[in-house]
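Trainee: take a look and give me a structure for this.
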Amino acid sequence: MPDHYYVYPEYLAKGLSRAEGRRIPAAEGLVDPSTEEIAQAAKRLGTKAEIEEGKHYPRQFFRYSGRVKVAKRERMTKTKLLRAVAAEIHRLRAQAGKK
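Mentor: Just a heads-up that it's a prediction; the model follows:
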């Protein structure tokens with residue numbers, strides 16, 4: 001078992017359907033999430049995160065949006081991690097005055 005999860009921005013994108021790659025409920029989704037925001041949110045949640053530029057989400061192979069390698073935490077499923085990262089990005093955007 002790997003000791004990390006890969007998080008693509010498409011997993012958190014509000015504008016995508018589940019078939020296109022969104023992995024969290026649309027109500028919790030984000031408009032244009034970036035790898036930098038994902039990495040910052042994961043670090044604020046206490047996990048190690050590393051941005052990997054030049055990678056593409058397989059369902060959107062024509063777009064190189066990058067991905068974030070996030071260390072696994074005990075008793076934290078990938079879905080729980082994605083929802084926590086999305087919530088943290090919402091908090092960060094609210095503090096910065098963004099949507």
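Trainee: just for the chain, where's the confidence low?
Mentor: Within the chain, the set of residues satisfying pLDDT under 70 comprises 98-99.
Trainee: summarise which helices and strands the longest helix along the chain is packed against.
Mentor: Ranked by residue count under DSSP state H, the longest helix found in the chain is helix 78-96. Under the contact criterion of 3 or more Cβ pairs under 8 Å, 6 or more residues apart in numbering; DSSP states H and E, helix 78-96 touches strand 4-7, helix 35-44. (C-beta placed from N, C-alpha, C; glycine too.)
Trainee: please work out which of these is packed deepest.
Mentor: Here the criterion is mean neighbour count by mean count of other Cβ atoms under 10 Å, and of those the winner is helix 35-44, at a mean of 20.
Trainee: quick check: angle from it to helix 78-96?
Mentor: Per axes from the mean of the first three to the mean of the last three Cα atoms, to 10 degrees, the angle that helix 35-44 makes with helix 78-96 is 100 degrees.
Trainee: of the helices and strands packed on helix 78-96, which approaches residue 59 most closely?
Mentor: Closest to residue 59 of these, according to Cβ to Cβ: strand 4-7, at 13.4 Å.
Trainee: run a quick neighbour tally on residue 91.
Mentor: 12 (other Cβ atoms under 10 Å).
Trainee: and what of residue 45?
Mentor: Neighbours around residue 45, by other Cβ under 10 Å: 16.
Trainee: do you know how far it is from residue 65?
Mentor: Distance of residue 45 to residue 65, given as Cβ to Cβ, to the nearest Å: 21 Å.
Trainee: burial of the nearest residue in space to residue 64 that is not next to it in sequence, as a residue count?
Mentor: Leaving aside its sequence neighbours, residue 64 sits nearest to residue 56 (Cβ to Cβ, 6 or more residues apart in numbering; 4.7 Å). If you count neighbours by other Cβ under 10 Å, residue 56 ends up with 15.
Trainee: and the closest residue to residue 36 other than its chain neighbours, what are its bridge partners?
Mentor: Excluding the flanking residues, the one nearest residue 36 by Cβ to Cβ, 6+ apart is residue 51, at 6.9 Å. Beta-bridge pairing for residue 51 (DSSP bridges): residue 68.
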